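> What follows is a predicted protein model with its sequence.
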Amino acid sequence: MPLTPVEKNSLVEKTPVTLLGLGAMGAALARAWLAAGHPITVWNRTSARAAALAPEGARVAQSVAEAVTASTLVVVCLLDDASVDEALTGADLAGKDLVNLTTSTPAQARARAQWARTCGARYLDGGIMAVPPMIGVPEAGGYVFYSGSRDAFEQHRQTLDVPARTAYVGENAGFAALHDVALLSAMYGMFAGVAHAFALIRKEDIDPATLAPLLADWLVAMAPTVHRTAEQLRSGDYTNGVVSGLAMQVAGTPTFLRTAEQQGVSPELLSPYFALMRRRLAESSGEEDLTGVIDLLVR
Ligand code: NDP
């Protein structure tokens, strides 16, 4: 009888993984690799967190050195760059493929790549676009940006695809962190707008639960404007495809500020963006889109 795909899969030798760091994210990663049948060796500063994974099949290393020795693929998911420094200083990484999923700045990632090279390791940096419950759940839509060694990425792609989909964004080791921070920065801008919107209705007889779906739908409807912005940035023509020109939008800003005042809401989240719009209008054509604001931000 032919083997089912699941049976065939179980016969394929799975790449062993060493994982340093079993916080909320690290533990989720470990469980995803365990569920997919990868031999996994784990280490955590607080050893009880590693011991908790032993009954699920993880091999528990007593030290970073022991953990690193166990596999060629060494994944790190610690709190921050300083904790990576503390954990890896002195480890023998020669011949290893180091995958660092710890959130860092692009400069920290590039420095870490350089350091890994001097240790004789290939290096991949990762930016996780998911929260722990999305790990190992492909339909949740989470993914991880990777940058750094293309060869290491290609070699380990299948293994890295297990916890969450992979998105390779280039050999510059800082690019994963840069993409991560760019997306999250846009998210905080959105959260700021949402905070202002709810503040406007806070003292009124309007149920926030009735505003929420309207708000969510509106944000989704507006999201595709990022494609027009990208096209304008590429072409350098900020008047291309404009739907609502800068002059018209600046003329509308007093309405937003007066409404905030009337509702007893601080304009502190909205005002800085409006100020940039006015500055851009003062030095350019009112027929432009809002894209010129980007040039004012770039120093
Ligand atoms: P946690 O706070 O749950 O875990 C932090 C981990 O880092 C623990 O394993 C902790 O060990 C370890 N650690 C902290 N300081 C040191 C140190 N000096 N030396 C050695 N180990 C140390 O964080 P998460 O697991 O949630 O996050 C891990 C990384 O993943 C972070 O960079 C985070 O930004 C990123 N991330 C997290 C997401 C999330 O939603 N949780 C989403 C996307 C990215 P100990 O158990 O001993 O304290």
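Thanks, I have it.
> For the rest of this, base every contact and every neighbour count on C-alpha atoms.
Noted.
> okay, now Val250: neighbour count?
20 (other Cα atoms under 10 Å).
> Would you mind listing what in the stretch 101-250 of the chain touches the ligand?
102-103, 128-132 (Cα under 6 Å from any ligand atom).
> taking those residues one by one, which sit in strands?
If you go by DSSP state E, those have 128-129 in strands.
> out of the residues of the stretch 101-250 of the chain next to the ligand, which is most surrounded?
Thr102 (24 neighbours).
> Not counting its neighbours along the chain, what's nearest that residue?
Distances taken as Cα to Cα, 6 or more residues apart in numbering place Cys77 nearest to Thr102, at 4.8 Å, with adjacent residues excluded.
> ok, that neighbour - contacts?
19-23, 25-26, 100-102 (Cα atoms under 8 Å, 6 or more residues apart in numbering).
> now those residues in a markdown table, with secondary structure and pLDDT?
A markdown table is the format used below for these (DSSP: H, G, I helix; E, B strand; the rest coil; pLDDT from 0 to 100):
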| residue | secondary structure | pLDDT |
| --- | --- | --- |
| Leu19 | strand | 98 |
| Leu20 | strand | 98 |
| Gly21 | coil | 98 |
| Leu22 | coil | 98 |
| Gly23 | coil | 98 |
| Met25 | helix | 98 |
| Gly26 | helix | 98 |
| Asn100 | strand | 98 |
| Leu101 | coil | 98 |
| Thr102 | coil | 98 |
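> Determine which two of those residues are furthest apart.
Gly23 and Asn100 (14.3 Å; Cα to Cα).
> which one of those two has more residues nearby?
Neighbour totals were compared for Gly23 and Asn100, and Asn100 leads with 25 against 18 (other Cα under 10 Å).
> Contact partners for the more buried one?
Contacts of Asn100 by Cα under 8 Å, 6+ apart are 75-77, 123-126.
> Let's see that with 7 Å instead.
Counting by Cα atoms under 7 Å, 6 or more residues apart in numbering, Asn100 makes contact with 75-77, 124-126.
> between those residues, which is closest to the ligand?
The ligand lies nearest to Cys77 out of the contacts of Asn100, by Cα to the nearest ligand atom, at 5.0 Å.
> picking up where we left off before, would you mind stating the distance between the residue nearest to Thr102 and Pro132?
12 Å (Cα to Cα, to the nearest Å).
> I'd like the average pLDDT over the longest helix seen in the chain.
The longest helix of the chain (DSSP state H) is helix 175-201. Helix 175-201 carries an average pLDDT of 98.
> How far away from the center of its chain is it?
How far helix 175-201 lies from its chain's middle: 12 Å, per Cα atoms, centre = their mean, to the nearest Å.
> tell me what that helix is packed against?
Helix 175-201 sits against helix 106-118, strand 122-129, strand 143-148, with contacts defined as 3 or more Cα pairs under 7 Å, 6 or more residues apart in numbering; DSSP states H and E.
> Go through it and flag the buried ones.
Across helix 175-201, burial judged by 16 or more other Cα atoms under 10 Å covers 175-181, 194, 196-201.
> Low-confidence bits of this structure, can you list those?
By pLDDT under 70, the low-scoring segments of the chain are 1-11.
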